[in-house]
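> Curious how this folds, go ahead:
(one chain, ligands or ions: 4)
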Amino acid sequence: MGLITLLDRTLAHHPLSEADAVWLLRQTDPEAIAQIRAAADALRSQLCGETVTYVINRNINFTNICEQHCGFCAFRRDAGDAEAYWLDEAMIIQKAREALQAKATELCLQGGLNPQAKRPGSWAKTSPGSSLDYYLHLIDALKSRFPTLHLHAFSPQEIEFIAREDDLTVDEVLKALRQAGVDSLPGTAAEVLDDAVRRVICPEKITSQTWLNIVSAAHRAGLPTTSTMLCGHVEMPEQQVQHLAQLRRLQADSLDRWGVGITEFILLPYVGEMAPAALRRRVGHDQPRLDEVLKLTAVARLYLGTAIVNHQPSWVKLGLTGAQRALEWGCNDLGGTLMEEHITTSAGAQGGTGLSVPQIQQAIAALGRPWQQRTTLYQRLRDQPQVLLG
Ligand SMILES: C[S@@+](CC[C@H](N)C(=O)[O-])C[C@H]1O[C@@H](n2cnc3c(N)ncnc32)[C@H](O)[C@@H]1O
Ligand SMILES: Nc1c(NC[C@H](O)[C@H](O)[C@H](O)CO)[nH]c(=O)[nH]c1=O
Ligand SMILES: N[C@@H](Cc1ccc(O)cc1)C(=O)O
Ligand code: SF4
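Numbering: from 1, shown residues only. Ligands and ions are numbered 1, 2, ... in the order given. The predicted model follows:
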């Protein structure tokens, strides 16, 4: 089958096969790549329309103390290191209050896996207390004060960490967090869902199957998730497509069984500049290669098809101009204002740590597209999409 026929079939919602997706990723001819971009952009237009959405949120990375040592992570520290930090609850509440004043609808909470983060409480069996009680107390402190803020919190890796520390099941942890006020989970820690890649870049992390099981368990517990892929390091096109295939299958299964699933796909290009030297040297580039990221952005849009319709680039990692380009390669969302970001910024990302609402709106308007504020779960917040003139 020729390229044009394949792309036309995809636009007619014929699911792309894994072999065809790999073949698309291997295209190097500029004309072929232009066709792939155009098809991804057309599918975006068909499934999402022209409007580009964004969310007003604050990102809080509440501790960088982490028991793991992922090969790409410049953020983690050991307890006692000069730059180690662990925000207390009063500080987190203060940040949430500021977020609400800035009209945020969401707090995104993620941190290191800190074995000291324990509290006495109903789940505690021994003296320093339980990990789950620490997280529950934090969520309750935020939800009781700011009941309208959507709490997008804790990656599948953090869920597994809590369960392991307290000898609980993942289901028990998810149920308790949901009851306390967690509204959805960030789908980070996915990296590449291929255990050969994970052995190289994050050998201590949960396996691919455990990530899939926890995301599925979250959906079963009524918690939507996002989905991500950390790309641009040691992985091959086959492994990238394997990752997308597992997301597509998981989404079909979750929506079919529980009517709750993945809300968006976010490509996270590896930033190596200040990341640990071993992987940085092996990868051989410090900032994302935009043309590779854009091609993968387009193929992800085409492969995920009607299964995951919202695609978001990471402006933190690509810069706002790179993220604008991604909006022409299949993306329909610009993500959050963030207000602060520490994870990829500490790795040397150049996109900055926050965007104002006017910056986001102007970046979208400059592409001639309407913008609209959304909630975390993609409900549109204003009645009419608006276009900034001039
Ligand atoms: C830092 S972790 C925070 C939550 C938790 N510690 C975990 O690993 O799931 C969130 C995500 O940031 C991303 N990340 C970390 N370092 C990065 C880097 N140098 N470049 C791009 N993304 C990075 C990874 O995809 C990781 O899963
Ligand atoms: N939280 C970080 C993000 N993105 C989060 C999104 O803005 C938002 O929470 C999501 O779209 C929910 O629907 N990106 C980063 O690069 N770093 C973060 O810490
Ligand atoms: N964008 C992710 C969260 C995230 C992404 C990248 C990071 O480096 C950190 C966090 C989500 O909302 O699900
Ligand atoms: S990516 Fe997450 S788990 Fe891995 S070292 Fe960094 S903070 Fe820890």
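> hey, let's count contacts and neighbours off CA atoms from now on
Will do.
> got the buried residues for stretch 2-12?
Leu7, Thr10, Leu11 (16 or more other Cα atoms under 10 Å).
> just the residues you listed now: which is nearest ligand 4?
Thr10 (34.5 Å; Cα to the nearest ligand atom).
> in what helix or strand does the closest one lie?
Using DSSP states H and E, Thr10 maps to helix 3-11.
> Model confidence score at Arg119, please.
Looking at Arg119, its pLDDT stands at 96.
> Across the sheet, point out what pairs with it.
Arg119 forms beta bridges with Ser130, as assigned by DSSP bridges.
> got the contact list for it?
Each residue near Arg119 by Cα atoms under 8 Å, 6 or more residues apart in numbering is listed here: Pro128, Gly129, Ser130, Ser131, Asp133, Tyr134.
> Surely the fifth one is in contact with Pro120?
It stands for Asp133. Yes: when contacts are counted by Cα atoms under 8 Å, Asp133 is listed as touching Pro120 (6.7 Å).
> and those two? which has more neighbours close in?
For Asp133 and Pro120, the more surrounded residue by other Cα atoms under 10 Å is Asp133, and the numbers stand at 22 against 17.
> contacting residues around the nearest residue to Arg198 once chain neighbours are set aside?
Distances taken as Cα to Cα, 6 or more residues apart in numbering place Val192 nearest to Arg198, at 6.9 Å, with adjacent residues excluded. Contacts for Val192 (Cα under 8 Å, 6+ apart) come out as Arg198, Ser208, Met229, Leu230, Cys231, Glu235, Gln239, Gln240, His243.
> and Ala21, what helix or strand is that in?
helix 18-25.
> ok and the residue in the stretch 151-300 of the chain nearest ligand 3?
Closest to ligand 3 within the stretch 151-300 of the chain is Pro186: 3.3 Å, counting by Cα to the nearest ligand atom.
> roughly how far apart are that residue and Thr337?
Here the distance between Pro186 and Thr337 works out to 16 Å (Cα to Cα, to the nearest Å).
> quick one on the thing from earlier: among the contacts of Val192, which pair sits farthest apart?
Ser208 and Cys231 (15.1 Å; Cα to Cα).
> ok, back up a step: show me what the helix holding Thr10 is packed against.
helix 30-48 (3 or more Cα pairs under 8 Å, 6 or more residues apart in numbering; DSSP states H and E).
> what's next to the helix it packs on, contact-wise?
So helix 30-48 is contacted by 3-4, 7-8, 11, 24, 27, 295, 298-299, 301-302, 305-306, 309-310, 328-332 (Cα under 8 Å, 6+ apart).
> Using PyMOL, define a selection of the buried residues within these.
One line in PyMOL is enough to select the buried members of the contacts of helix 30-48, burial here meaning 16+ other Cα under 10 Å:
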select buried, resi 7+11+24+295+298+299+301+302+305+306+309+310+328+329+330+331+332
